[in-house]
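Asker: quick one, what's the 3D model for this:
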Amino acid sequence: MWPGTTTDVKHSNTPLPPGSYGCPFIGHPGVFGGSKDYGPYAALASLGKKFGAVFKTYTFGMPIVSISGVDNIKSALSHESRPDGINTELMGQQNLGRVFGTEALLYESDSGKHGMLRRLVGAAMTPAAIGAAIPTIREAASVQIDNILGADTIRMEKVFDDYTLDIAWKQILGLDLEDEEVPEFHRNVDDWSKKMMDPKLLLPFRIPGLMTLTKVGRARSYLESKVEEKLAKLDRDGPDSSTLSKLYFATDDDGTTKLTRSQIMDNALLLIIAGSETSSSTLTCASLFLGLHPDVWEKVREEQREILAEYGEELTQKTLDKFTYLDAVIKETLRIQPLETQETRKVAKTIVVDGKQIPEGWYAVLNIKQTHVNDPVVYKEDGFKPERWLSESTKPVAWLPFGDGRHRCIGERLSMTEMKVFLALFARKCDRFELVNNDSDGIVWRKDTAMARPLDGVEVRACSAA
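Answerer: Numbers count the residues shown, from 1 in each chain. Modelled structure (predicted):
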């Protein structure tokens, strides 16, 4: 009735996780679907509430086990990057693999090759590299903050999308776009990143006209053309300060190994998602939470006044590290609204997690949101409370918004820098802001995004500082 759900007889004394396969043959087609009350992945969250930390389900011919809880996730990841272990695999190779890219380090399971990719891609994400990008990030933030302060009302989601996408073309890809070209770039990144949530991309056969007739395919083709244009310029002119340049000219420890062209392409575009989708969604939610908690916003502003008094207007990695309270605000936002699940992994050989078997050939997802929700430190005292991060006694034990293990998000430092720079500058320039819709009990969430975003885009009215 559900092909591929065979139990491993070698572990006959170990039960399968509880759960639901759904309808015969097709399972739960909407298992990754969202709702207006919860946001994306609402169906998966509902199953988690019903069946617990480790549960099974089924969709599009794939048996899946959701794993939550820090200990359970670490147990599963102890089998990572081994031929007989639990390794990353892009679900929907025929379609999603083509539009996302199969050579990004996110989905490289071979230990040696993954290590090589992480070193070479990581060369563009070092503290020094991110520190050198701060002026570009600051410039992009200042433009958007001026737009906020110059408008009667404005949707913060649009502000943060524009902010992070400007960083994508200016810093990550290092493109020289004319003003009239920028909206086209923004539109194509938006189509590419958001349409990858379409469940049709998980179909086990190639969709006819995928790269020419679908929005997501055309967007990927457009972005590939822009990367190729930039690589041709780097060939002519040599290295520059862009992230793409660092990828292109990076050499491994042996002095000869470099990234292939397809590896450069897939990892450069991966960094766009790491530096835009995560940052934009988190900043959007942070602006909602700060609007609902003006006392927290005032504490952010007070910290920035103290930083200004000691360091002046300068923004460097050193000053960003001093933003203790702002860091707590961002961490608290990511605790409440993280990326729901880490990348999907395929089980090469049966493993046992929390006393349940996950058979060979099944898929596993690491459920970050459920892990955060059930953190024993905050379980009975939930809500937006950045102060919990300021003491070891109240700090959550479960915080995995950037994943864990060897495939932890390599763009974490870039994303945190983007968020800190924007919120710090906004706090310095904005005296107060108010939500046009400030009903905390009536928040409606978008259902089809990778990370949670309010449906209204968080419309605000802001006043500049004196």
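
Asker: so T212 makes contact with R218?
Answerer: Yes - using C-beta atoms under 8 Å, T212 makes contact with R218 at a distance of 6.7 Å. Where you see a C-beta, it was placed from the backbone N, CA and C, and this is true even at glycine.

Asker: those two - which one has more neighbours?
Answerer: A side-by-side neighbour count of T212 and R218, using other C-beta atoms under 10 Å, places R218 first with 19 against 9.

Asker: check which helices and strands whichever strand or helix holds the more buried one sits against.
Answerer: Secondary structure here is read from DSSP states H and E; on that basis R218 sits in helix 215-237. If you count contacts as 3 or more C-beta pairs under 8 Å, 6 or more residues apart in numbering; DSSP states H and E, helix 215-237 packs onto helix 96-100, helix 182-195, helix 210-213, helix 243-249, helix 261-292.

Asker: could you check how far N267 is from D146?
Answerer: In this view, N267 and D146 are 33 Å apart by C-beta to C-beta, to the nearest Å.

Asker: do the same with R220
Answerer: Look at R220 and D146: by C-beta to C-beta, they are 33 Å apart.

Asker: okay, now the unreliable bits of the stretch 251-400 of the chain?
Answerer: In the predicted model, the stretch 251-400 of the chain carries pLDDT under 70 at residues 380.

Asker: just the helices in it please.
Answerer: Assigned by DSSP state H, counting those that start in this stretch, the helices in the stretch 251-400 of the chain fall at 261-292, 294-311, 317-320, 324-336, 368-373.

Asker: avg pLDDT for the helix or strand containing P63?
Answerer: With elements delineated by DSSP H and E, P63 resides in strand 62-67, which encompasses its position. Mean pLDDT, strand 62-67: 95.

Asker: adjust the sequence numbering to begin at 55 for everything that follows.
Answerer: Sure thing, new numbering starts at 55, so read that last one as strand 116-121.

Asker: and the next helix or strand past that strand?
Answerer: helix 124-131.

Asker: give me the residue at the spatial middle of the chain.
Answerer: Per C-alpha atoms, centre = their mean, the C-alpha nearest to the average position across the chain is that of T332, at 3.9 Å.

Asker: quick check: closest non-adjacent residue to that residue.
Answerer: Once flanking residues are discounted, T332 sits nearest to S469: 4.9 Å by C-beta to C-beta, 6 or more residues apart in numbering.

Asker: contacting residues around that neighbour?
Answerer: By C-beta atoms under 8 Å, 6 or more residues apart in numbering, the contact set of S469 is 328-329, 332-333, 336, 456, 463.

Asker: count of residues packed around G88?
Answerer: When counting by other C-beta under 10 Å, one arrives at 22 neighbours for G88.

Asker: that one touches V498, doesn't it?
Answerer: No - between G88 and V498 no contact is recorded; they are 11.3 Å apart, counting by C-beta under 8 Å.

Asker: quick one on the thing from earlier: save the helices of the stretch 305-454 of the chain as CSV, and put in distance to I118 too.
Answerer: Shown next, in CSV, are those (distance: least, C-beta to C-beta, whole Å):
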stretch, distance to I118
helix 315-346, 22
helix 348-365, 37
helix 371-374, 39
helix 378-390, 24
helix 422-427, 14
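
Asker: to V108, which of those helices lies closest?
Answerer: Taking C-beta to C-beta as the criterion, helix 422-427 is the member of those that comes nearest to V108, at 10.1 Å.

Asker: now the angle between helix 348-365 and the following helix or strand past that closest one, please.
Answerer: On the C-terminal side of helix 422-427, the nearest following helix or strand under DSSP H and E is helix 466-483. The directions of helix 466-483 and helix 348-365 differ by 90 degrees, with axes from the mean of the first three to the mean of the last three C-alpha atoms, to 10 degrees as the criterion.

Asker: show me which residues of stretch 276-293 are buried.
Answerer: For stretch 276-293, the neighbour count (16 or more other C-beta atoms under 10 Å) marks 276-278, 280-281, 284-285, 287-288 as buried.

Asker: just give me the closest of those residues to G409.
Answerer: Checking the buried residues of stretch 276-293 against G409 with C-beta to C-beta, the nearest one is L277 at 44.7 Å.

Asker: wait, the closest one touches N242, no?
Answerer: Yes - with contact defined as C-beta under 8 Å, L277 and N242 form a contacting pair (6.1 Å).

Asker: circling back: contacting residues around the residue nearest to the centre of the chain?
Answerer: Taking C-beta under 8 Å, 6+ apart, one finds 393, 455, 463, 465, 469, 505 in contact with T332.

Asker: okay but G139 is in contact with I412, surely?
Answerer: No - the pair formed by G139 and I412 falls short of the contact definition of C-beta under 8 Å, at 11.4 Å.

Asker: tally of neighbours for L256?
Answerer: By other C-beta under 10 Å, 18 other residues sit near L256.

Asker: ok, now which ones touch it?
Answerer: Applying C-beta under 8 Å, 6+ apart as the definition, the contact partners of L256 turn out to be 113-114, 145-146, 149-150.

Asker: and these, which two are furthest apart?
Answerer: Using C-beta to C-beta, the pair of the contacts of L256 lying farthest apart is T113 and N149, separated by 15.0 Å.

Asker: returning to what we had before: and R274 and D200? Which one has more around it.
Answerer: R274 (24 against 12).
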